[in-house]
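Peer 1: any chance you can model this:
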Amino acid sequence: MPSLTALLSKWPVIRQIRERADGTGLEAMSDKTRAMHARIDDAKVARSICPYCGVGCGQLVYHKDGKLISIEGDPESPISQGNLCPKGAASYQLLTHSRRETKMKYRAPRSKEWTEISLDRAMDMVADRVWESRKRTFVHKKATLDNEENYLIKKLFTLGLGMVCISNQARI
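Peer 2: So this is what the prediction gives:
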């Protein structure tokens with residue numbers, strides 16, 4: 001059994017008095033606190049982009065042994081400078097929540113039941129439908145407005161009419 005002196009010497013207050021320290025450094029920590037490490041220590045990091053709104057906020061994705069550990073804002077991102085909105089900050093939960101759907105589900109027309117299908121089949125179904133829609137509805141003429149015309153219309157709406165959010169699909 002350790003002596004009373006040994007026990008007291010482990011107490012941070014006694015160390016601060018003995019070492020004449022101000023209590024803001026290592027002397028203020030217990031052995032248990034000193035032994036603690038961050039969850040992301042020894043983890044690999046990958047730079048990524050937030051999957052939500054399209055602004056392009058930077059994220060740091062920490063992983064170890066093939067397992068996701070944490071997702072944080074990237075301080076080196078010129079867009080977000082380490083900040084994330086509530087949705088971006090919840091990206092970790094998006095990927096790790098126990099009730100997250102991980103299989104493709106398909107409900108055939110007029111069916112009442114969902115069935116699980118492979119990712120390959122789901123991707124083929126989407127591609128086929130996009131291609132069919134394009135073949136059926138594609139317009140071979142020039143777009144009605146070009147970027148310069150959209151710029152002028154946006155100026156009219158924002159400056160002249162006071163509208164705040166104007167968007168168009170000229171970039172597609």
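Peer 1: which is the next helix or strand following the longest helix along the chain?
Peer 2: Longest helix of the chain, by residue count under DSSP state H: helix 119-137. As assigned by DSSP states H and E, the chain's next helix or strand after helix 119-137 is helix 147-155.
Peer 1: buried sites along that following helix?
Peer 2: By 16 or more other CB atoms under 10 Å, the buried positions in helix 147-155 come out as Asn150. The way it works is simple: take the backbone N, C-alpha and C, and place the C-beta from them, glycine included.
Peer 1: can you give me the end-to-end distance of stretch 115-122?
Peer 2: By CA to CA, to the nearest Å, the extent of stretch 115-122 from end to end equals 11 Å.
Peer 1: off-centre distance for it?
Peer 2: On the basis of CA atoms, centre = their mean, to the nearest Å, stretch 115-122 sits 26 Å off its chain's mean C-alpha point.
Peer 1: quick one: average pLDDT of that stretch?
Peer 2: Average pLDDT, stretch 115-122: 93.
Peer 1: same deal with stretch 131-148?
Peer 2: For stretch 131-148, the mean per-residue pLDDT is 81.
Peer 1: and it, how far out from the chain's middle?
Peer 2: 34 Å.
Peer 1: so which elements touch the longest helix of the chain?
Peer 2: In this structure, helix 119-137 packs against strand 104-106, with contacts taken as 3 or more CB pairs under 8 Å, 6 or more residues apart in numbering; DSSP states H and E.
Peer 1: right, I'll leave it there.
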